[in-house]
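In: pasting the sequence and the predicted model now:
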There are 2 protein chains.
Amino acid sequence: MGAPVTIALDAMGGDHGPSVVIPAAAIALVRHPQLRFIIVGDEAQIGPELAAHPALAEKSEVVHTDVAITMDAKPSQALRRGRWKSSMWLAIEAVRDGRAHAVVSAGNTGALMVMAKFCLKTIKGIDRPAIAAIWPTIDAECIVLDVGANVGADSRQLVEFALMGAGMARALFGMAEPSVGLLNIGVEEVKGVEEIKAAAAVLKEAPLPIRYHGFIEGDDIGRGTVDVVVTDGFTGNIALKTAEGTAKQIGEYLRAAMGRSLLARLGAVLAQGAFRALKEKMDPRQLNGGIFLGLNGIVVKSHGGTDATGFACAVDLAYEMASSGVVKRLGSDLAHFHTKLELEGAA
Amino acid sequence: MGAPVTIALDAMGGDHGPSVVIPAAAIALVRHPQLRFIIVGDEAQIGPELAAHPALAEKSEVVHTDVAITMDAKPSQALRRGRWKSSMWLAIEAVRDGRAHAVVSAGNTGALMVMAKFCLKTIKGIDRPAIAAIWPTIDAECIVLDVGANVGADSRQLVEFALMGAGMARALFGMAEPSVGLLNIGVEEVKGVEEIKAAAAVLKEAPLPIRYHGFIEGDDIGRGTVDVVVTDGFTGNIALKTAEGTAKQIGEYLRAAMGRSLLARLGAVLAQGAFRALKEKMDPRQLNGGIFLGLNGIVVKSHGGTDATGFACAVDLAYEMASSGVVKRLGSDLAHFHTKLELEGAA
């Protein structure tokens, strides 16, 4: 058993608050007994939930506040009004002050990003943080970023996304040299994606332990062509949601096809173990959690509407990120990269 | 049986040339006996294929040329060198000259777009043509554009895409008032998508028979939230290919799950009718064909690597587009729209 890892939880975030967050923490604790929690939110709501999970209560510290950021709050307003006192801010602060290794919130994405950026600051050498998603592929998983922190990205930012994604792949997947692809379109004589072309030119020569693959197209993501897919936040967000929508759609087709005839229904009964495995593989809760990369601390955003199973996966992810020392790693990767670039620039 | 509809076929386009194009035309002719064909390409290759399909031969005129645009030709070079003589150009020309109602090619997309634009010209009031795709949804189909003709789009172009997509939905799906959505991301306080916001402002007030739905997200496409999805060519292309990749990936999961145990294999045998129906529903050949919208003529681009079944679907699509009178309809829609805007601007 490794050293204790402390996760700060924004208990008031998401659609369901403590009634999802607390049972989720209990699930994660069974999987990772070295976990400790700082649970931030309304004690009156947290207390009864925690009473039902004595093993969790023993490993948790509750920090009371009655301020919560609503799901529809404007990020800038949330920062102005909710700062210092909200459960979201106090949970992030625990990471800044070194009391927690990571923070997990199912709250308002925009508010979480603004507060996390303000409180933790970006890693030296990083222009803008990105949100990374873990994307299932045919045989394994890949990392896709940015999936929505920013709209648009210039070439420097795309290069930074590549470095951050590769650092995460090294830490999380234990890879020495992750392959990196730039998401692009395959139409001949493409005009107007100068940022992507410029980023490609830099990545080809980057003095870093990444294997630059080149341009990839949308269907390469799920195929697992590369370990890290780099794109701007607008495109990444639309690709992610389109894939989620397609998966749901095919699930519907399958259900309809299997109910159409008696033979098919009988077949479905016999194959129910296989269908269960498939359902689990396609379960979006299994890969719940967007990771904010580029900050001096680990911030995991869970889907707002998820249940305890889904939120527990986000806690697992925060645990794995914290255990892997990815933030330190990213810091030294970036310092190395920028030093090299400056030396080359000076040469 | 309706009036004859003549389709010009670029017999030399795609990876397989006449060996796919001719059998495909034969398949389409069975489904639509009012079809006539102008088949453009190398007579020495077309002749033997046509001999195997006497019913098709009877309805076809062959135009010989020994110039073909290669799949890797640069569009601008293709236009300079392949103009006047290539099978692609001559097939497009048949539409311009009124000898054919539509053209289908599986050739080089970029070259086809450049030549079609040069030969047919854009409809009055259209800035740039777009490529539209028919996208399967849970219950029906929707139209997504642009899926790759352009990179980026300003607000005026997005509005034009909306008008063209709606015109196509009215013509192809027989809808009086198609609903239109602008693809966007749901992150709060989004910055930098000024073009989309400006397009939304125009569409809300547009004096046209469309029902403007508002912003939609990636997962709304397959859900069928709207009849027409409007986006720029970069995002649309990546969304389309990501969805195709996800469908393939889930097909792989399903195959793997169904082979894992004896019971599952037995279940799969019993349910094979259902699986066949599902496979057909997910078959990308069934929706093969990108439609170039905004030109004075109908141009359908088939996948380059497709087989006769797939190419026949592209011919079906060209037939339906030609029968629906969509080009005329678009022209009058646009004239109406621009007149209205000018009147409003003058008021």
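Out: Happy to help now that I have it.

In: residue contacts, the residue nearest to residue A:264 when sequence neighbours are not counted?
Out: Sequence neighbours aside, residue B:274 is the residue nearest to residue A:264 in space, at 3.7 Å (criterion: Cβ to Cβ, 6 or more residues apart in numbering or on different chains). Quick note: C-beta positions are derived from backbone N, CA and C, even for glycine. Under the criterion of Cβ atoms under 8 Å, 6 or more residues apart in numbering or on different chains, the neighbours of residue B:274 are A:257-258, A:260-261, A:263-264, A:267-268.

In: please enumerate residues in contact with whichever strand or helix holds residue A:27?
Out: In this structure, residue A:27 is located in helix A:18-31 according to DSSP states H and E. Helix A:18-31 is contacted by residues A:7, A:9-14, A:35, A:37, A:39, A:41-42, A:45-46, A:49-50, A:52-53, A:55-56, A:59-60, A:106, A:306-312, A:314-316, A:319 when judged by Cβ under 8 Å, 6+ apart.

In: for PyMOL, what selects the buried ones among these?
Out: The buried subset of the contacts of helix A:18-31, as determined by 16 or more other Cβ atoms under 10 Å in any protein chain shown, is captured in PyMOL by this line:
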select buried, chain A and resi 7+9+10+11+12+13+14+35+37+39+41+42+45+46+49+50+53+56+59+60+106+306+307+308+310+311+312+314+315+316+319
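
In: filter the contacts of helix A:18-31 down to just the ones in helices.
Out: A:45-46, A:49-50, A:55-56, A:308-312, A:314-316, A:319 (DSSP state H).

In: filter those residues by proximity to chain B?
Out: Among those, no residue lies close to chain B (Cβ under 8 Å from any Cβ of the partner chain).

In: ok, the residues you listed vs chain B, which is closest?
Out: residue A:310 (16.4 Å; Cβ to the nearest Cβ).

In: for residue A:323, which non-adjacent residue is spatially closest?
Out: Closest to residue A:323 by Cβ to Cβ, 6+ apart is residue A:5, at 6.0 Å.

In: OK, contacts around the one you found?
Out: When contacts are taken as Cβ under 8 Å, 6+ apart, residue A:5 is in contact with A:32, A:34-36, A:101-102, A:319, A:322-323.

In: kindly report the same for residue A:4.
Out: A:34-36.

In: mark which of the contacts of residue A:5 are buried, thanks.
Out: Here, 16+ other Cβ under 10 Å leaves A:32, A:35-36, A:101-102, A:319, A:322-323 buried among the contacts of residue A:5.

In: now those as TSV including distance to residue B:198 and pLDDT?
Out: Shown next, in TSV, are those (distance: Cβ to Cβ, whole Å; pLDDT from 0 to 100):
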residue	distance to residue B:198	pLDDT
A:32	49	96
A:35	48	97
A:36	50	97
A:101	44	95
A:102	40	96
A:319	44	94
A:322	43	92
A:323	47	89
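
In: tell me where the stretch 51-200 of chain A has strands.
Out: Along the stretch 51-200 of chain A, counting by DSSP state E, counting those that start in this stretch, strands occupy A:60-64, A:102-105, A:130-136, A:141-145, A:179-183.

In: residue B:125 is nearest to which of those strands?
Out: strand A:179-183 (33.1 Å; Cβ to Cβ).

In: so residue A:78 touches residue A:109, yeah?
Out: No. Counting by Cβ atoms under 8 Å, residue A:78 stays clear of residue A:109, with 10.9 Å between them.

In: and the contacts of the helix or strand harbouring residue A:269?
Out: For residue A:269, the host element (DSSP H and E) is helix A:262-270. Helix A:262-270 is contacted from outside by A:257-259, A:275, B:263-264, B:266-274, using Cβ under 8 Å, 6+ apart.

In: just how off-centre is stretch A:121-138 within its chain?
Out: Offset of stretch A:121-138 from its chain centre (Cα atoms, centre = their mean, to the nearest Å): 8 Å.

In: ugh, wrong one, stretch A:77-88
Out: That offset, for stretch A:77-88, works out to 22 Å (Cα atoms, centre = their mean).

In: rounded mean pLDDT for it, please.
Out: The average pLDDT within stretch A:77-88 is 82.

In: that stretch near chain B anywhere?
Out: No. Stretch A:77-88 does not reach chain B (Cβ under 8 Å from any Cβ); its nearest approach is 9.4 Å.

In: contacts made by that stretch with the rest, please.
Out: A:10-13, A:40-42, A:65, A:67-69, A:73, A:89, A:105, A:107-108, A:110-112, A:114-115, A:118.

In: need the CA coordinates for that stretch. PDB is fine.
Out: The C-alpha trace of stretch A:77-88 is given here as PDB (Å, rounded to 0.1, in the frame of the first residue of the first chain):
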ATOM      1  CA  GLN A  77     -19.700  36.200 -11.100                       C
ATOM      2  CA  ALA A  78     -19.000  32.900  -9.400                       C
ATOM      3  CA  LEU A  79     -15.400  34.100  -9.000                       C
ATOM      4  CA  ARG A  80     -16.400  37.500  -7.600                       C
ATOM      5  CA  ARG A  81     -19.200  36.300  -5.300                       C
ATOM      6  CA  GLY A  82     -18.300  32.700  -4.500                       C
ATOM      7  CA  ARG A  83     -14.600  33.200  -3.900                       C
ATOM      8  CA  TRP A  84     -13.200  32.600  -0.400                       C
ATOM      9  CA  LYS A  85     -16.400  30.900   0.900                       C
ATOM     10  CA  SER A  86     -17.900  28.500  -1.600                       C
ATOM     11  CA  SER A  87     -17.400  24.800  -1.400                       C
ATOM     12  CA  MET A  88     -15.800  24.800  -4.800                       C
END
